[in-house]
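Peer 1: the following comprises the amino acid sequence and a computationally predicted model.
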Amino acid sequence: MVRRFMAAMVCAVVSGTMLVPAHVSGADTANKAYEPMVNRAIEFLTTKAQDADGAYNAKAGPAITALVTAALLRHGRSPADPQIAKSLKYLESFVRADGGIHAAETSHKNYETAISLVAFGLANKDGKYDTILKAGEKYMKSLQWGATDGKAPSDVEYGGAGYGKNKRPDLSNTSFFIDALKATGNGESDEAMKRALIFVSRCQNLETPNNTTPFAAKKPDGGFYYTPAAGGSSQAGVDEETGALRSYASMTYAGLKSMIYAGVAKDDQRVVAAQKWLAKNYDLQSNPGMGTSGLYYYYHTMAKTLDALGQDKFVDEKGVAHDWRQEIIETLAAKQQPDGSWVNENNRWMEGDSAIVTGYALLALSYCKAK
């Protein structure tokens, strides 16, 4: 016990955050809002947002349906439930002969396939989707920069995933790619995971042996941005003083989560620096660096990352210990619409669509349940 306590204290000192033993929970069970909130959201999705064929926002292809289905499955709905079964059948209609799971003319092949694989993985309780998962995994890996296209580890695109092979890889797509690798049983020793970690490391504002891009040393605050490829880009813009690609919270959580899934140790300087940036920018009213743009994507990614870290309390830069699970529950309870949905008044990245936003909210809440 003493050794464990001392190890936790050392980690807290090194990282700037405090790891709290798992038995000290956010205790969502004590929050009477949690179950009614989740139930209202599920009722909205399954009775008001779902089309007759099981789709959610069919014009957007399979990705939103897959995301919502994954959220419902994570909240205990069975693959045999009529609404879930319809959605899974709808997703099956997008399965291609080469293993891809996407609309015919889409430029979002990695994105759609990755999210669909997560949904099928959660539904695969009896091996029903083994063939789809195996073929989809192989297809998705073939899209990765550096897998079959001759890219070398020295190329900035190496290891990344993007919306299409004729475009640049980016951290958001690579994060979904890593989620799908994990969902199909790939761990840190998988070659695709190792390649992905190389790209993820290059999306961080931190110069290390893993990141020698021109952007790394301009403003080494430890946060993450969208992509170093094709000249580099951050959705948060460029720092006028240094020329750095600005860090922002949703990508910093995505980068940190991806590193954890890829097996990077919690005392690694990349992980430590990312946590320090997040401690400085802890916020539940905005996506720091982006305002309200992508706010619900942010909530989902934040909750998933903090759960992966195993931290029940997150200590911010000022030393305030946040019960992040309880705070996310309370924040989402206050934002839920009377019909059970959530929607972002800022429509950027489709967050004006109540189906995808409610899916993000439910996914976030699924990581807020007491362990």
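Peer 2: Nice, I can see it. Note that the coordinates shown come from a computational prediction; the quantities given were computed from them, not determined experimentally.
Peer 1: distance of the residue most central in space within the chain relative to Asp155?
Peer 2: Among the residues of the chain, the one closest to the centroid is Thr301, at 4.2 Å (C-alpha atoms, centre = their mean). The gap separating Thr301 from Asp155 is 27 Å, by C-beta to C-beta, to the nearest Å. Placement of C-beta: from N, CA and C, glycine included.
Peer 1: do the same with Thr47
Peer 2: 49 Å.
Peer 1: for Ala196, same thing?
Peer 2: When distance is defined by C-beta to C-beta, Ala196 is 14 Å away from Asp155.
Peer 1: just Gly231 next, same as before
Peer 2: 14 Å.
Peer 1: quick one: which of the two has more around it?
Peer 2: Neighbours per residue (other C-beta atoms under 10 Å) separate Gly231 from Asp155, with Asp155 holding more: 16 against 9.
Peer 1: ok, the more buried one to Arg168 distance?
Peer 2: 12 Å.
Peer 1: same question for Ile84.
Peer 2: Distance of Ile84 to Arg168, given as C-beta to C-beta: 35 Å.
Peer 1: just the residues contacting the host helix or strand of Glu35, thanks.
Peer 2: Per DSSP states H and E, Glu35 falls inside helix 34-44. With contacts defined as C-beta atoms under 8 Å, 6 or more residues apart in numbering, helix 34-44 is touched by 28, 72, 75, 77, 329, 332-333, 336, 339-342, 354, 358, 361-362, 365, 368-369.
Peer 1: can you flag the buried ones in these?
Peer 2: 28, 72, 75, 77, 329, 332, 336, 340-342, 354, 358, 361-362, 365, 368-369 (16 or more other C-beta atoms under 10 Å).
Peer 1: now, which of these lie within helices?
Peer 2: Among the buried ones among the contacts of helix 34-44, the members found in helices (DSSP state H) are Leu72, Ile329, Leu332, Ser354, Thr358, Ala361, Leu362, Leu365.
Peer 1: thought the fifth one was touching Asn344?
Peer 2: No. Counting by C-beta atoms under 8 Å, Thr358 sits too far from Asn344 to count as a contact (10.7 Å).
Peer 1: report the set of residues contacting both of the two.
Peer 2: The contact lists of Thr358 and Asn344 share no entry, where a contact means C-beta under 8 Å, 6+ apart.
Peer 1: low-confidence ranges in the stretch 1-150 of the chain?
Peer 2: Counting by pLDDT under 70, the stretch 1-150 of the chain shows low-confidence ranges at 1-31.
Peer 1: again, only using 50
Peer 2: For the stretch 1-150 of the chain, the stretches with pLDDT under 50 are 1-26, 28-30.
Peer 1: now the helices: where do they sit in it?
Peer 2: Along the stretch 1-150 of the chain, the segments classed as helices by DSSP state H, counting those that start in this stretch run 2-15, 34-44, 63-74, 82-92, 109-123, 130-143.
Peer 1: which other helices and strands contact the last one?
Peer 2: In terms of contact count using 3 or more C-beta pairs under 8 Å, 6 or more residues apart in numbering; DSSP states H and E, helix 130-143 is assigned the packing partners helix 109-123, helix 171-183.
Peer 1: could you dump these to TSV with mean neighbour count and distance to Asn211?
Peer 2: Formatted as TSV, the helices and strands packed on helix 130-143 follow (neighbours: other C-beta atoms under 10 Å; distance: least, C-beta to C-beta, whole Å):
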stretch	mean neighbour count	distance to Asn211
helix 109-123	26	23
helix 171-183	25	13
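Peer 1: okay, how far is it across stretch 188-207, tip to tip?
Peer 2: For stretch 188-207, the first-to-last residue distance is 23 Å (C-alpha to C-alpha, to the nearest Å).
Peer 1: scratch that, stretch 147-161
Peer 2: 10 Å.
Peer 1: buried sites along it?
Peer 2: Residues of stretch 147-161 classed as buried by neighbour count (16+ other C-beta under 10 Å): Ala147, Lys151, Asp155, Val156, Glu157, Tyr158, Gly159, Gly160, Ala161.
Peer 1: make sure the second one is actually in contact with Trp145.
Peer 2: Yes. Lys151 is in contact with Trp145 according to C-beta under 8 Å; the separation is 5.1 Å.
Peer 1: need the overlap of contacts for these two.
Peer 2: Glu157, Tyr158.
Peer 1: number of nearby residues for Cys203?
Peer 2: When neighbours are counted by other C-beta under 10 Å, Cys203 registers 34.
Peer 1: repeat that for Pro36.
Peer 2: Pro36, neighbours per other C-beta under 10 Å, totals 12.
Peer 1: from Leu284, how far off is it?
Peer 2: With distances taken as C-beta to C-beta, Pro36 is found 20 Å from Leu284.
Peer 1: kindly report the same for Leu45.
Peer 2: In terms of C-beta to C-beta, Leu45 sits 23 Å off from Leu284.
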